[in-house]
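>>> below are the sequence and a predicted model for it; my questions follow.
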Amino acid sequence: MSITWVGTILILEDAFSELANVLEDKGYKIIKAKTAKEALEMALEEKPDVIITNVFMPGMNGFELCRFLKSHPSQAKAPILICSTTNQTSHLVWGRKQGADAYLSKPYTAEELLNAIQLVEIN
């Protein structure tokens, strides 16, 4: 019998309502941010267990957000999952260099999302 750990997830995503519903159904507490600036503030205040971000956003992109959070002492160990419509190896590699723990290309299923979250939680 496997025990699944359930925690708090900060979602900064353009389709976060769909993501949030799937994750809340699995018992996760969801914190939603609409901009990278808002996500930074929430991450530093709430200290979520996992952060999910999109790549393309106005102002600061997901790679910049990832790099900033991974350089901040209170969030350096928080797993970050980047979700993007861009399925390019260069984005995956760049995301990893910025500190992302996983990269998921859209479209993805709820099962793929949950598997990715569980993998970053374990690592």
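Arrived safely.
>>> which residue ranges of the chain form strands?
Taking DSSP state E to define them, one finds strands in the chain at 8-12, 29-33, 50-54, 80-84, 102-105.
>>> mean pLDDT and mean neighbour count added to these, as JSON lines?
All C-beta atoms are positioned from the backbone trio N, CA, C, and that covers glycine. Listed next are the strands of the chain as JSON lines, based on pLDDT from 0 to 100; neighbours: other C-beta atoms under 10 Å:
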{"stretch": "strand 8-12", "mean pLDDT": "90", "mean neighbour count": "23"}
{"stretch": "strand 29-33", "mean pLDDT": "91", "mean neighbour count": "17"}
{"stretch": "strand 50-54", "mean pLDDT": "90", "mean neighbour count": "25"}
{"stretch": "strand 80-84", "mean pLDDT": "87", "mean neighbour count": "24"}
{"stretch": "strand 102-105", "mean pLDDT": "86", "mean neighbour count": "19"}
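>>> so which of those strands is nearest Val93?
Between Val93 and the strands of the chain, the shortest gap by C-beta to C-beta is with strand 102-105, which sits at 9.1 Å.
>>> partners of the one residue sitting closest to the centre of the chain in the sheet?
Per C-alpha atoms, centre = their mean, the C-alpha nearest to the average position across the chain is that of Ile52, at 1.4 Å. With DSSP bridges applied, Ile52 shows beta-bridge pairing to Ile11, Leu81.
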